[in-house]
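> 3D model of this:
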Amino acid sequence: MAKDDFEDYLLTKMHRLRHLLIGLSGSLLVLILDAACSVTPSFAAETISFRYGVLQRSLPVQDLQTYAETQEASPELKTFLRSLSDDSQNTVQTALQLRLPLDVVTVDRALRTEYGQKVLSELAQVIERDDDAVVQALRAGLVLGSRSPGGLGVLSFLEAYPSQTITINVPEAINFVQRYEQLLRRAPGVRSGPEGQ
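Model (predicted):
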């Protein structure tokens, strides 16, 4: 066997071994998450805080769930919605109703891709945290939220987010949703609206 052939052979084997190790680590993570998810998360987001410049409003996640299901807003949510343009209000409603029928393995694998890392990085700009664990918290919320019977959506993400309060930078959130909304709508199996819940 020539030196070049041996190097090619060795590189091919190393490449396969790398893929095998990545696959095994992903599978192990999914198994651990699956075992951990059989119990309700102890720190699911109960309150969502919206920061819009210097203004900040907090709402129970339950208010958003009710709004998504019935389009009826609590007094606190009505006050918040009045501060948004009609287009932004529609964006909020659309975002609450979007569902992606993805399983834990698919979400975990997608988040490990270069594009998944880019989306996580951009989404990290939307969430404000006091620590540096925003990407890890987002990953956990997305992976665990994909276990929801209705699919992965904003509400299932909030129910799985590993903190009692999540603070959203509203202008960044609207920009993020608008950037990815058309892509999500074109994806097969994406459900929006009351029938998709």
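> Give the next helix or strand downstream of the helix or strand bottoming out on mean pLDDT in the chain.
None of the helices or strands of the chain scores lower by mean pLDDT, DSSP states H and E than helix 3-37, at a mean of 49. Reading on from helix 3-37 to the C-terminus, the next helix or strand found by DSSP states H and E is strand 47-52.
> what residues does that next one touch?
Strand 47-52 has contacts (C-beta atoms under 8 Å, 6 or more residues apart in numbering) with 56-61, 64, 80, 83, 128, 158, 164-171. No exception for glycine: its C-beta is placed from N, CA and C like everyone else's.
> Measure how the helix or strand just after that strand sits relative to strand 47-52, angle-wise.
Per DSSP H and E, strand 47-52 leads on to strand 55-60 as the next helix or strand towards the C-terminus. Orientation check (axes from the mean of the first three to the mean of the last three C-alpha atoms, to 10 degrees): strand 55-60 against strand 47-52 gives 160 degrees.
> Check the offset of strand 55-60 from the chain's centre.
On the basis of C-alpha atoms, centre = their mean, to the nearest Å, the separation between the geometric centre of strand 55-60 and that of its chain is 20 Å.
> Could you double-check that residue 101 lies in contact with residue 151?
Yes - judged on C-beta atoms under 8 Å, residue 101 makes contact with residue 151 at a distance of 4.4 Å.
> Of those two, which one has the most company?
residue 151 (20 against 16; other C-beta atoms under 10 Å).
> distance of the spatially closest residue to the more buried one that is not a sequence neighbour from residue 51?
Counting by C-beta to C-beta, 6 or more residues apart in numbering, the nearest residue to residue 151 once its immediate chain neighbours are dropped is residue 99, at 3.8 Å. For residue 99, the distance to residue 51 (C-beta to C-beta, to the nearest Å) stands at 26 Å.
> out of these two, which sits in the busier spot?
Taking other C-beta under 10 Å, residue 99 and residue 51 do not tie; residue 99 has more neighbours (22 against 17).
> Specify the beta-bridge partners of the more buried one.
According to DSSP bridges, residue 191 are recorded as the beta-bridge partners of residue 99.
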